[in-house]
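Asker: Sequence and predicted structure are below.
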Amino acid sequence: MRLLIIGAPGAGKGTQASSIAEHYGIPAISTGDTFRANIKGGTELGKKVKAIMDAGDLVPDVVTDEIVVDRLGQSDAAEGFLLDGYPRNLHQVEALDGYLSANGLALDAVVSLEVDPELLTARLLKRAQIEGRADDNEETIRNRMDVYTSQTAPLIDHYRQAGLLVPVDGVGEISDVRDRIFSALDARA
Ligand SMILES: Nc1ncnc2c1ncn2[C@@H]1O[C@H](COP(=O)(O)OP(=O)(O)O)[C@@H](O)[C@H]1O
Ligand SMILES: [Mg+2]
């Protein structure tokens with residue numbers, strides 16, 4: 001399975017990505033987690049992206065594309081993968097398509113987690129209290145939502161037109177959302 005999970009900040013991508021990846025025995029690859037690990041580890045990449053992430057802006061495509069392509073080339077991703085947080089704009093869509101077609105690969109499905117905007121902010125502010133993520137404050141959340149609306153939301157139409165979109169209601173218990181994802185993916189197979 002070669003899958004993407006897309007959705008607004010706070011939609012539950014990371015949470016559901018773990019379950020999906022475990023279910024299909026594929027790695028969950030999160031660009032956000034990769035950047036956060038680099039910030040924590042004090043790497044050159046971490047230094048480059050920290051201020052950008054703290055502001056809620058997108059890391060430059062050249063940086064992000066290279067990280068994803070490197071990661072997809074590792075052996076554990078050969079039979080499949082789930083990307084969480086990538087692609088995040090139409091340029092990244094093209095970079096991913098280019099990589100996949102150059103390697104004779106294609107996506108199987110794009111899970112789109114649908115959650116009301118008001119609920120998203122509430123979830124992120126709650127997560128701020130639990131996880132203390134630097135970008136979960138009101139000002140940064142507002143910018144991340146704007147960036148999502150202007151740059152990432154257009155991907156939904158793109159993947160719908162490509163016949164890959166699997167829309168899933170992301171509201172409710174985590175386990176209920178997970179079951180909806182599995183039935184929606186099973187129904188396609
Ligand atoms: N594909 C990407 N392109 C550019 N920047 C990214 C990408 N993925 C993650 N980032 C950076 O990491 C931040 C956090 O991403 P992420 O953990 O995926 O947030 P969330 O899960 O709340 O949507 C983003 O605001 C952005 O700065
Ligand atoms: Mg996430």
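Answerer: Everything's here; your move. Residues are numbered from 1 along each chain as shown. Ligands and ions are numbered 1, 2, ... in the order given.

Asker: Contact partners for the residue nearest to V115 when sequence neighbours are not counted?
Answerer: Spatial nearest neighbour of V115, excluding adjacent residues (Cβ to Cβ, 6 or more residues apart in numbering): G170 at 4.2 Å. Backbone N, C-alpha and C define where each C-beta goes, glycine included. G170 makes contacts with 7, 11-12, 16, 113-115, 177, as judged by Cβ atoms under 8 Å, 6 or more residues apart in numbering.

Asker: Over to I26?
Answerer: Shown in contact with I26 (Cβ under 8 Å, 6+ apart): 1, 3, 77, 79-82.

Asker: Kindly tell me how buried G85 is, as a neighbour count.
Answerer: Using other Cβ atoms under 10 Å, G85 has 23 neighbouring residues.

Asker: Contacts only, for it.
Answerer: Neighbour list for G85: 13, 30-33 [criterion: Cβ under 8 Å, 6+ apart].

Asker: run the last query once more with 7 Å
Answerer: 13, 30-32 (Cβ atoms under 7 Å, 6 or more residues apart in numbering).

Asker: swap in A134?
Answerer: Taking Cβ under 7 Å, 6+ apart, we find A134 in contact with D54.

Asker: Can you classify it as helix, strand or coil?
Answerer: Under DSSP: H, G, I helix; E, B strand; the rest coil, the three-state class of A134 is coil.

Asker: just L82 next, same as before
Answerer: Of the three states, L82 takes strand under three-state DSSP.

Asker: so it bridges to which residues?
Answerer: L82 has these beta-bridge partners by DSSP bridges: L3, A28.

Asker: Where does K47 fall, secondary structure wise?
Answerer: Secondary-structure assignment from DSSP states H and E places K47 in helix 44-55.

Asker: Next: K40.
Answerer: For K40, the host element (DSSP H and E) is helix 31-41.

Asker: What are the buried residues along that helix?
Answerer: 31-32, 34-36, 38-39 (16 or more other Cβ atoms under 10 Å).

Asker: and the residue of the protein nearest ligand 1?
Answerer: G32 (2.0 Å; Cβ to the nearest ligand atom).
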